[in-house]
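Pasting the sequence and the predicted coordinates here, then a few questions.
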Amino acid sequence: MAAYPPSQRTAIVASLGLNIVLAFAALILLNARSESSRNVSMISPAAIQQPGTMMAPSSTSVNFHRRFKFQPRRKPNPPAKWPMKVGDKVQVIAGGDKGKESEITRIFRKTGYVLCKDVNMKTRHQRGREEGETGSIIQMEAPIHHSNLKVLERYVYQKPEKVEAAETA
C-alpha cells in the first residue's frame, strides 16, 4: 500500500470493503434459499415462480376432465373366478325379468356381463337399407350383469360317442 498515494488508498480500501460486504450478502442469500427449499420440499419446481411472472397451468389441471371423457359406459367388474359358463341354466334374481329361467349363450369376461336366452329383451328399430324397403322392429337380447343371476343347473360337456359304421353284408 505504500506505493499508492493516499487518495487512491482510500478508494482501494473502500472497494475491498464493498466486495466483502457483497460476498457476505450472497452467502446469506444462498443459505436462506437452501433452508426455504428444505421446508418446501413437497412443492414441485414448477410451482415455485419468480415474482412478477405468470405461472402456466399444469398439465394435470388441463387434462383432468379429459381423463373421464372416454371411459367405457360399463365399468369392468369381472369376478376373479367365474361362477357360470356357457350352457348353464340360470335364474334372474334382480331386474325387470326377475324370476325368469334361462340358458347362458355368451359370456363377456372383461366386463362381467352375460347374455341369456329371452332375458333382458330390447327393441331395436332398424331402417330399410335400400330405397323403398320398409324398416323393421327387432327384438334382441341385451347382456345382464352376472351378479343378477343364480345358477340352477351346471352344464356338463359330454363327449359324443363314436358310432361305428354298420357292417353291410
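Arrived safely. Computed from a prediction, not measured in an experiment: that's the story for all the values here.

and Val90, that one's in a strand?
Yes - the assignment for Val90 by DSSP: H, G, I helix; E, B strand; the rest coil puts it in a strand.

Ignoring the adjacent residues along the chain, who's closest to it?
Spatially, and ignoring its direct neighbours in sequence, Val90 is nearest to Leu149 (4.5 Å; CB to CB, 6 or more residues apart in numbering). Using the backbone N, CA and C atoms, a C-beta is placed for each residue, glycine as well.

Next, the buried residues of the longest strand that the chain contains.
Counting residues, the longest strand in the chain under DSSP state E turns out to be strand 101-108. With burial defined by 16 or more other CB atoms under 10 Å, the residues of strand 101-108 counted as buried are 101-104, 107.

That one - contacts with which helices or strands?
On a contact count with 3 or more CB pairs under 8 Å, 6 or more residues apart in numbering; DSSP states H and E, strand 101-108 meets strand 89-92, strand 113-116.

Centre of the chain to that strand, how far?
From the chain centre to the centre of strand 101-108 is a distance of 29 Å (CA atoms, centre = their mean, to the nearest Å).

Name every strand pairing with that strand and say which way it goes.
strand 89-92 (antiparallel), strand 113-116 (antiparallel) (DSSP bridges).

Report the beta-bridge partners for the nearest residue to Gly99 once chain neighbours are set aside.
Residue nearest to Gly99 in three dimensions, not counting chain neighbours: Val92, with 6.6 Å by CB to CB, 6+ apart. Counting by DSSP bridges, Val92 is bridged to Leu149.

returning to that earlier point: and the strands paired with strand 101-108 as TSV, adding mean neighbour count, mean pLDDT and distance to Ile138?
As requested, these are exported to TSV (neighbours: other CB atoms under 10 Å; pLDDT from 0 to 100; distance: least, CB to CB, whole Å):
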stretch	mean neighbour count	mean pLDDT	distance to Ile138
strand 89-92	19	96	22
strand 113-116	22	94	15
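
Touching, Gly95 and Asn148? I think so.
Yes - between Gly95 and Asn148 a contact is recorded at 5.3 Å, counting by CB atoms under 8 Å.

Among these two, which residue is more densely surrounded?
Using other CB atoms under 10 Å as the criterion, Gly95 and Asn148 rank with Asn148 on top: 18 against 13.

okay, the nearest residue to the more buried one once chain neighbours are set aside: pLDDT?
Nearest residue to Asn148 in three dimensions, chain neighbours excluded: Ala94, at 4.3 Å (CB to CB, 6+ apart). Note on Ala94: pLDDT of 93.

swap in Asn148?
pLDDT at Asn148 comes out at 94.

what does Tyr4 give?
Listed pLDDT for Tyr4 reads 74.
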